[in-house]
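[1] Whatever this is, show me its structure:
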Amino acid sequence: MTQRIKSLLSDSELRSVSEAIAEVEKTTSGEIRVSVREKRARKEREVDVETLARREFANLGMSNTRDRTGVLLYFLVESRQFHILADEGINAKVRDGTWQLIADLMAEHFSKQNFSEGIIQGVKAIGKVLAEHFPRKADDTNELTNQVRVT
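    Reported below is the predicted structural model:
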């Protein structure tokens, strides 16, 4: 983990985020992943954060969930940007503006330098949306790791 990321999120805070994901996923068949990336590669200088999030979504196999219910919280530290990306199974049911409301909630915490709390509150808010539309099924399994990906 880079020094820049360590200054934002300690190991214990990363564990807390992973634990929040695990807790939220007890109520839904949805899958949440968090990915924190320090900076773009040189060849990606002109690539926007949404495109990078889409690439990460694919790299993490998030579109392979049983009901297409993956949600990625993707952070690009160098540019202080993040993007919430949900799979098509979710976006077909969730109201327009939902992800922006959650992003605004998170940004409020980030503006106060409360990065881990912002991420955790985002995870919890996403979990509520997922639980409403995709409650946990009797045969549900954890399809994706809850561990935060740091690159």
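[2] which helices and strands does the lengthiest helix in the chain pack with?
    Secondary structure assigned by DSSP state H gives helix 115-133 as the longest helix of the chain. With contacts taken as 3 or more Cβ pairs under 8 Å, 6 or more residues apart in numbering; DSSP states H and E, helix 115-133 sits against helix 11-24, strand 31-37, strand 70-76, helix 88-91, helix 98-111. For every residue, glycine as well, the C-beta is placed using N, CA and C.
[3] Of all the residues in the helix or strand of the chain with the lowest mean pLDDT, which ones are buried?
    Sorting the helices and strands of the chain by mean pLDDT, DSSP states H and E puts helix 3-8 at the bottom, at a mean of 82. Neighbour-count burial for helix 3-8, counted by 16 or more other Cβ atoms under 10 Å, picks out 5, 8.
[4] in the chain, which residue is closest to the centre?
    The centroid of the chain falls nearest to residue 73 when counting by Cα atoms, centre = their mean (2.1 Å).
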